[in-house]
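**Student:** Just a sequence and a predicted model for now, questions to come.
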2 protein chains.
Amino acid sequence: MGKRLIVIGGVAAGMSAAAKAKRVSRDMEVVVYEKSAYISYAACGMPYLVAGDIPDYRDLLARTPEQMAKQGVEVHVRHEVIAIDPETHTVTVRDLEKGREFAHRYDKLVIATGAGAVRPVVPGLDLEGVFLLRSMEDGLALQRFISEHAPQRAVILGGGYVGVEMAETFRRLGLDVNMVIRSGEVMREALDEDVRMLVADELARQGVKVVRGEPIAFEGEGRIEAIVTEGERYPCDVALLGVGVRSEVPLAQAAGVALGKSGAIATDAHMRTNLPDVYAAGDCAEAFHRVIGEPAYIPLGSTANKQGRVAGENAAGGEETFDGVVGTMVVRVFDLAVARTGLTEAQAREMGCTVRAPLIRAMNRAHYFPGATPIYVKLVVDDVTGRLLGGQIVGQDGVAKRIDVLATALHHQLAVTDLQRLDLSYAPPFAPVWDPILVAANVAGK
Amino acid sequence: MGKRLIVIGGVAAGMSAAAKAKRVSRDMEVVVYEKSAYISYAACGMPYLVAGDIPDYRDLLARTPEQMAKQGVEVHVRHEVIAIDPETHTVTVRDLEKGREFAHRYDKLVIATGAGAVRPVVPGLDLEGVFLLRSMEDGLALQRFISEHAPQRAVILGGGYVGVEMAETFRRLGLDVNMVIRSGEVMREALDEDVRMLVADELARQGVKVVRGEPIAFEGEGRIEAIVTEGERYPCDVALLGVGVRSEVPLAQAAGVALGKSGAIATDAHMRTNLPDVYAAGDCAEAFHRVIGEPAYIPLGSTANKQGRVAGENAAGGEETFDGVVGTMVVRVFDLAVARTGLTEAQAREMGCTVRAPLIRAMNRAHYFPGATPIYVKLVVDDVTGRLLGGQIVGQDGVAKRIDVLATALHHQLAVTDLQRLDLSYAPPFAPVWDPILVAANVAGK
């Protein structure tokens, strides 16, 4: 038998690392320990599972332990790694079913412990009807609660991606929805104010109430009845915590794994940590941000998969690097797609850049073509160098893959004048003769 | 008054040049002569006008002569320039309404005479019911003919963009449709065989018959009754010629304007011709093809607009260059979007490149997301350098703007390994966690 790779965590990054390592080195022993009962689940799909779009939760499972076994990867679910000893190259594993603990020696280790939801420190958090949406178990529990208790009123704490996605889910299930957000604004970090307004308008149009507030208590007799803020009380039958996520690093940290400024695990481009033979990937780790020029913490499934693959390849003796991210994200907010990449205008200014950042409105198709809908494009351009720093796009159609043109441009440090010159596709059903990206580049390039 | 710019042709390139020149130099006199009765019409929209998607043909007119007059641009429709004298800087203009001719002196001249449909040399071409689809008049005449004569059977000659778009239009109007193509294959130049098959399947599924054949006669008593090929006879009540377009260059050529290898007008990056003070832009001119590394003839409205703008800027004393094209195109074929950019595998091999060019099938959204549909991506990669040479994408949704990621990559000469590393947007409603482009790049990058 060859060397042994142990992977801690069996979701996006962990499973990608395990599968890749086995493909690269057939005689490597690959063992995955996953704390929950599920591996390779599509956490991003859970709002749509709860909404009833996805008929069976098993559709969200990309791989089962049995399938992995056939590929020669040994997967143990309900097994939590509780300690790493880098000196002896050993992990301590707790079998959560049987309660027993054991040690297991690794030659290479991939830490893919993911991220956990931030929990506000308020009384009543453990009332029935209060949910997170991180693990498969979270999603299934929320789904079960809704079908058993038919809640009428939801409060969502936080205005990030999960918050807006769940606002849609709850509305489609017929619930009243209040979003209680500390800043009073959805997607505050991800988008600039002029673009956030478009999202806020859509939420209002769909009957979602967005209010400023911070919870001081969750009230109820056993089950949630209201969320109380300074001066307000929001009655509800179900509450969702979406105030953000935090990398799961205590295990790594206790073993001496160095963290970055963001608090997530620091790695090099090979996804190596500071400890010999120890890699990290996915939502527990930082990613190099190519626009900022330093590591950032932007946990996303797409990044986790890429990082996991690189970690797995290198752990198995290959040679691969992770190129970093540019901060691309897209989310559906009811009828809108909302996308961003790079820096927002606010971020760029905070970093000391002088920027121009016009927001333009165009149509997603030829203006005369039936069903043409507005699309808004904001470009953030360095006023000194002309370099593109970021972009935000909002519209009903043709948004997600238009942001990818900007992501490609950012990845390769193009200037706004480069954007103007792109030979983008044109046909009346798909784009105006001047694509909205070109229109935006022409305006921002002046 | 300042200098005088004369623009020959008032559609995409010509009108862009005129408008841009006036914006750059307010005191320049800008005069446009347009042979037809319309300016700035969206020729690409005509299949959808005929189909009834666009209620009023005036929706296809982006600008009227009156609007241009308000911007200070003098537009004369139904005026044909019949000669250019570069020595005296004079054009001879024929007023097609009044039949008179006159000379007009220019300081700068932009030739934007466009392209005309290729007409097969066969008897019966002037029968009633035989149509081209180039000018606004063509579209209106076809529309009128259909509403007056309610044809039941159409024959389309040629399998290019206009051919497949009009196949859809005719089918949606309830006609039987035969496409008679010399090679027997639609989009033969634009796509590789493995991708063409997907398009052929869609046409068959939609009841369009595609046959190999070359017409030897158009038959009918006054009005078209059949198209006859070697060995076959296709009865029809309406016929559409879509066998290609040819740059309209006789006027320029007679004046000594040099043509390129393609037979269209040769220009430099400033859109200058070989004659002093004479520019050319749009469907009458070549464009530098960045992947091939030399000029090519790919007439498209999007390119015409860009070239026109550059010609106008420079004619008005500005300094701008046209960066060239990479061969991006998209067309709707019933329920499919069909897109391409760069070189096909066949083109690349013809040029002597050793390539790998796998075709992959993925889903346009997360596999578990309702409404996910297949998307096919073919990448053409130089086997020696790893550089991306082209791509083709076919699918029901998410095609047009995905090709633009490849177009951006081609414009900046990225390698397939660069593609693999892009931070593309991900959310279940819009893309799988590995976007089809990344899947294709991973396969082609091996």
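**Tutor:** Noted; the coordinates are in hand. Numbering: from 1, shown residues only, chains lettered A, B, ... in the order given.
**Student:** Between the two ends of stretch A:39-48, what distance do you get?
**Tutor:** For stretch A:39-48, the first-to-last residue distance is 19 Å (C-alpha to C-alpha, to the nearest Å).
**Student:** residues in contact with it?
**Tutor:** Contacting residues not belonging to stretch A:39-48 are listed as A:10-12, A:14-15, A:32, A:54, A:59-65, A:68, A:75, A:77, A:133-136, A:138-139, A:162, A:165-166, A:168-169, A:301, B:366, B:368-370, B:426-429, B:433 [C-beta atoms under 8 Å, 6 or more residues apart in numbering or on different chains]. The C-beta positions use only the backbone N, C-alpha and C, and glycine is treated the same way.
**Student:** Can I have the buried ones of those as a PyMOL selection?
**Tutor:** Per 16 or more other C-beta atoms under 10 Å in any protein chain shown, the buried members of the contacts of stretch A:39-48 correspond to this PyMOL selection:
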select buried, (chain A and resi 10+11+12+14+15+32+54+59+60+61+62+63+65+68+75+77+133+134+135+136+138+139+162+165+166+168+169+301) or (chain B and resi 366+368+369+426+427+428+429+433)
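**Student:** If you count neighbours, what's buried in the helix or strand harbouring A:Leu142?
**Tutor:** For A:Leu142, the host element (DSSP states H and E) is helix A:136-149. For helix A:136-149, the neighbour count (16+ other C-beta under 10 Å) marks A:Met136, A:Asp138, A:Gly139, A:Leu140, A:Leu142, A:Gln143, A:Phe145, A:Ile146 as buried.
**Student:** Compute the number of surrounding residues for the nearest residue to the fourth one once chain neighbours are set aside.
**Tutor:** Looking back up the chat, that one is A:Leu140. What sits nearest to A:Leu140 in space, not counting adjacent residues and going by C-beta to C-beta, 6 or more residues apart in numbering or on different chains, is A:Tyr57, at 6.0 Å. By other C-beta atoms under 10 Å in any protein chain shown, 18 other residues sit near A:Tyr57.
**Student:** dump the residue contacts of A:Tyr57.
**Tutor:** Contacts of A:Tyr57 (C-beta under 8 Å, 6+ apart): A:Leu49, A:Met136, A:Gly139, A:Leu140, A:Gln143.
**Student:** Identify the residue spatially nearest to the last one, adjacent ones excluded.
**Tutor:** So that's A:Gln143. Closest to A:Gln143 by C-beta to C-beta, 6+ apart is A:Val50, at 5.2 Å.
**Student:** Show the backbone phi and psi for that neighbour.
**Tutor:** Dihedral pair for A:Val50: phi -60, psi -40, per degrees, to the nearest 10.
**Student:** Could you do A:Lys20 as well?
**Tutor:** The phi/psi pair for A:Lys20 (degrees, to the nearest 10) is phi -70, psi -40.
**Student:** now swap in A:Ala415 and tell me
**Tutor:** The phi and psi values for A:Ala415, taken as degrees, to the nearest 10, are phi -90, psi 160.
**Student:** Check the spacing between it and A:Thr354 real quick.
**Tutor:** Using C-beta to C-beta, to the nearest Å, A:Ala415 is found at 15 Å from A:Thr354.
**Student:** of the two, who's got more company?
**Tutor:** Counted by other C-beta under 10 Å, A:Ala415 and A:Thr354 do not tie: A:Ala415 has more neighbours, with 17 against 11.
**Student:** all helices in the stretch 1-150 of chain A, in order from the N-terminus.
**Tutor:** A:12-24, A:46-50, A:65-70, A:136-149 (DSSP state H, counting those that start in this stretch).
**Student:** Can you tell me the closest non-neighbouring residue to the residue of the stretch 51-200 of chain A found nearest chain B?
**Tutor:** In the stretch 51-200 of chain A, the residue that lies nearest chain B is A:Asp59 (4.1 Å; C-beta to the nearest C-beta). Nearest in space to A:Asp59, with sequence neighbours left out and distances taken as C-beta to C-beta, 6+ apart, is B:Tyr368 at 4.1 Å.
**Student:** Make TSV out of the contacts of A:Tyr57 and add pLDDT and distance to A:Ile82.
**Tutor:** Output for these, formatted as TSV (pLDDT from 0 to 100; distance: C-beta to C-beta, whole Å):
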residue	pLDDT	distance to A:Ile82
A:Leu49	96	30
A:Met136	93	21
A:Gly139	95	25
A:Leu140	96	25
A:Gln143	96	30
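**Student:** Can you add distance to B:Asp95 and give those residues back as TSV?
**Tutor:** Compiled in TSV, these are given as follows (distance: C-beta to C-beta, whole Å):
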residue	distance to B:Asp95
A:Leu49	70
A:Met136	76
A:Gly139	73
A:Leu140	78
A:Gln143	75
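**Student:** mind listing what the spatially most central residue of chain A touches?
**Tutor:** Among the residues of chain A, the one closest to the centroid is A:Leu300, at 3.2 Å (C-alpha atoms, centre = their mean). Contact analysis of A:Leu300 by C-beta under 8 Å, 6+ apart lists A:Asp283, A:Val325, A:Met329, B:Tyr426.
**Student:** of all the residues you listed, which comes closest to B:Ala339?
**Tutor:** Each of the contacts of A:Leu300 was checked against B:Ala339 using C-beta to C-beta; the closest is B:Tyr426, at 20.6 Å.
**Student:** Filter the contacts of A:Leu300 down to the ones in strands?
**Tutor:** Here DSSP state E is the test, and the contacts of A:Leu300 give A:Met329 as lying in strands.
**Student:** mind giving me the domain split of chain A?
**Tutor:** Chain A is divided into the following domains under automatic domain parsing: A:4-115+A:246-315, A:119-243, A:335-444.
**Student:** want to throw those into CSV with distance to B:Arg182?
**Tutor:** CSV is the format used below for the domains of chain A (distance: least, C-beta to C-beta, whole Å):
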stretch, distance to B:Arg182
domain A:4-115+A:246-315, 45
domain A:119-243, 50
domain A:335-444, 24
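**Student:** Tell me how many other residues surround the closest residue to A:Val399 other than its chain neighbours.
**Tutor:** Spatially, and ignoring its direct neighbours in sequence, A:Val399 is nearest to A:Ala337 (3.7 Å; C-beta to C-beta, 6+ apart). When neighbours are defined as other C-beta under 10 Å, A:Ala337 has 24 of them.
**Student:** Report the secondary structure element holding A:Ala337.
**Tutor:** Secondary structure assigned from DSSP H and E places A:Ala337 in strand A:336-342.
**Student:** Averaged pLDDT, whatever helix or strand comes next after that strand. What do you get?
**Tutor:** Using DSSP H and E, the helix or strand that follows strand A:336-342 towards the C-terminus is helix A:345-350. For helix A:345-350, mean pLDDT rounds to 98.
**Student:** Relative to the whole chain's centre, how far out is helix A:345-350?
**Tutor:** Taking the mean of its C-alpha atoms, helix A:345-350 sits 22 Å from the chain's own mean (C-alpha atoms, centre = their mean, to the nearest Å).
**Student:** tell me which residues of stretch A:384-404 are tucked away?
**Tutor:** For stretch A:384-404, the neighbour count (16+ other C-beta under 10 Å) marks A:387-404 as buried.
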